[in-house]
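Undergrad: show me how the following folds:
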Amino acid sequence: MQYVSTRGQAPPVSFLDAVLAGMAPDGGLYVPEAWPRTLDNEEFRALCTTDHFSEVARRVLHAFAGEALTEAEAAEIAQRAYLRRPSGAAPWPSAVTPLRQIGDGAWLLELFHGPSLSFKDVAMQLIAPLYEHALARRNERLSVVCATSGDTGGAAVEALKHTDRVDLFVLTPKGRVSEVQRRFMTASGAANVYALDIEGDFDACQAIVKSLFADADFSSRARLSGVNSINWARIVAQSVYFHIAANTLAAHAKPNFVVPTGNFGDAFSGWVAKQCGAPIGKIVLATNANDILTRTLNSGRYARATHSQETLSPAMDIQVASNFERILFEAVGRDGAAVRQLYASFAQGGGFDIPPAAFARLQAEFGAASIDDAATLDEMRNAAAEWGGFLACPHTAVGLRAARQIDSKPSVVLATAHPAKFPETVERASGQHPPLPQHCADLFARTEKFDTLPAEAEAVKRTIRERSRAWS
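TA: Numbers count the residues shown, from 1 in each chain. Sure thing, here's the model as predicted:
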């Protein structure tokens, strides 16, 4: 299985090279040359209806890795991620991502049972043993960089802390994440984790990370890799729960999935599962006031706003949805030159018009709705009242309200974070204070360690040069 760049000017690479690199050298994102067909069969669909999450993950991982991993290696990586938890680590529930019925033709897919209480744990816990396998095979080290609007950073820290061959640098927008999110990044106690509090918003953090990769000499000397949603391994891992949920509910016809989103990674993962045979209807993008994706699906123009707005759902406070490039590549018929030209227009003028045929393809696959803070709070109150005191995080509430507005059943709303990550907002809406789970109940007693840096690429480069064990 080979991987190509969405911008068409980088040579094809193997699965492991795509995962370790993160971004392609031409600035594009990696996608497979062709979609694997080994998951489109009755035997795999039947497996998805069992509780064997790690076995489904093994099958999906091997399908996308091809000859880069043997079946035994893929099984070992999946079992380390979801079955054989490290000593002292919180175990996953037996289903890992359990489905909860919340009404007639309506389900909630609970993705927040991992160590950092976010859906991003599902992918990060797989990436960690995958990195260890690849780096040990090559006798290499990596500097992993991660821009986060809140949850990605904590999930990366929980997965990669104390990893011998990785130094992790997490860039987070100063004052724009919840205190619980922040402490998952700053209080790990791990010598290989560096939390960088950036004096800017998430888009500034993301722009810095992209500029680090664009500097070919720096990227090479630092052995740079990224675990943001641009990393193909995250897309693969997240597609697993779409396969499982869709096949579990297939008797109810193809379910639609409502995905709270900012960077389009989880929504794209659902589309990938659909390409590989999962019985999925439409994928609905649920955005907050930072609604570049909703505006795009409604207008056909992809354009950033002047700045991102602070909302009650901070992990979605994003104006540049990185993974949109991948679906655009598919929508324009995998024409890398067309993608390159459109993103050049975006870099110069802040937007571009999607070609009509491509826009029609996107509208056939996706729906979208934008939910403001008032509606988010109202939906959190509704959830607590209607479902026996159920506490929804604000991001999940955005998805719930979008599902209510669009009323497209059967539907599955992705519950993306534990309510305890946003205690003030949850208490404001429901009157209840959500406690932290036992495995992280001492989070606020842990010692913090972080650096505050200006929103400048050079400041981050200097920190990486000084601290990375991979630097040469």
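
Undergrad: ranges for the strands of the stretch 101-250 of the chain?
TA: Assigned by DSSP state E, counting those that start in this stretch, the strands in the stretch 101-250 of the chain fall at 106-110, 142-147, 166-173, 193-199, 224-226.

Undergrad: the longest one vs strand 142-147, what angle?
TA: What that stands for is strand 166-173. Using axes from the mean of the first three to the mean of the last three C-alpha atoms, to 10 degrees, the inter-axis angle of strand 166-173 relative to strand 142-147 is 10 degrees.

Undergrad: quick check: can you name the pairing partners of strand 166-173 and their directions?
TA: strand 142-147 (parallel), strand 193-199 (parallel) (DSSP bridges).

Undergrad: can you add distance to residue 400 and mean pLDDT and give those strands back as TSV?
TA: The C-beta positions use only the backbone N, C-alpha and C, and glycine is treated the same way. Shown next, in TSV, are the strands paired with strand 166-173 (distance: least, C-beta to C-beta, whole Å; pLDDT from 0 to 100):
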stretch	distance to residue 400	mean pLDDT
strand 142-147	27	94
strand 193-199	31	97
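
Undergrad: just give me the neighbour total for the closest residue to residue 105 other than its chain neighbours.
TA: Sequence neighbours aside, residue 409 is the residue nearest to residue 105 in space, at 3.6 Å (criterion: C-beta to C-beta, 6 or more residues apart in numbering). Residue 409 has 17 neighbouring residues, counting by other C-beta atoms under 10 Å.

Undergrad: how much space separates residue 409 from residue 266?
TA: 20 Å (C-beta to C-beta, to the nearest Å).

Undergrad: quick revisit: now render the strands of the stretch 101-250 of the chain as CSV, adding distance to residue 182.
TA: Shown next, in CSV, are the strands of the stretch 101-250 of the chain (distance: least, C-beta to C-beta, whole Å):
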stretch, distance to residue 182
strand 106-110, 23
strand 142-147, 14
strand 166-173, 7
strand 193-199, 8
strand 224-226, 21
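
Undergrad: wait, what's in contact with residue 81?
TA: 54, 57, 125-126, 128-129 (C-beta atoms under 8 Å, 6 or more residues apart in numbering).

Undergrad: most packed of the strands paired with strand 166-173?
TA: strand 142-147 (a mean of 27; mean count of other C-beta atoms under 10 Å).

Undergrad: CA-only coordinates of stretch 181-190 in CSV, if you can.
TA: The C-alpha coordinates for stretch 181-190 follow below in CSV (Å, rounded to 0.1, in the frame of the first residue of the first chain):
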residue,chain,number,x,y,z
GLN,A,181,-7.6,20.1,29.3
ARG,A,182,-4.6,22.2,30.1
ARG,A,183,-3.5,20.0,33.1
PHE,A,184,-3.5,16.9,31.0
MET,A,185,-0.8,18.6,29.0
THR,A,186,1.2,20.4,31.7
ALA,A,187,1.1,17.9,34.6
SER,A,188,2.2,14.6,33.0
GLY,A,189,5.4,14.4,35.0
ALA,A,190,7.1,13.0,31.9
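
Undergrad: who touches that stretch?
TA: Contacts for stretch 181-190 (C-beta under 8 Å, 6+ apart): 116-117, 148, 150-151, 153-154, 157-158, 161-162, 170, 172, 193, 195, 314-315, 421, 440, 443-444, 446-450.

Undergrad: quick one on the thing from earlier: helix/strand/coil for the residue nearest to residue 105?
TA: coil (DSSP: H, G, I helix; E, B strand; the rest coil).

Undergrad: now the strands paired with strand 166-173 in JSON lines, with distance to residue 295?
TA: Below are the strands paired with strand 166-173 laid out as JSON lines (distance: least, C-beta to C-beta, whole Å):
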{"stretch": "strand 142-147", "distance to residue 295": "22"}
{"stretch": "strand 193-199", "distance to residue 295": "26"}
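
Undergrad: looking at those, which is nearest to residue 246?
TA: Comparing those against residue 246 with C-beta to C-beta, the closest turns out to be strand 142-147 (29.0 Å).

Undergrad: ok, the residue nearest to residue 415 when sequence neighbours are not counted to residue 411 distance?
TA: Excluding its sequence neighbours, the residue lying closest to residue 415 (C-beta to C-beta, 6+ apart) is residue 396, at 4.4 Å. Plainly put, residue 396 is 14 Å away from residue 411 if you go by C-beta to C-beta.

Undergrad: tell me which element residue 318 falls in.
TA: Per DSSP states H and E: residue 318 is located in neither a helix nor a strand.

Undergrad: separation between the residue nearest to it when sequence neighbours are not counted and residue 57?
TA: Closest residue in space to residue 318, ignoring its immediate chain neighbours: residue 262 at 3.6 Å, by C-beta to C-beta, 6+ apart. Counting by C-beta to C-beta, the gap between residue 262 and residue 57 amounts to 25 Å.

Undergrad: what of residue 280?
TA: Distance from residue 280 to residue 57, by C-beta to C-beta: 18 Å.
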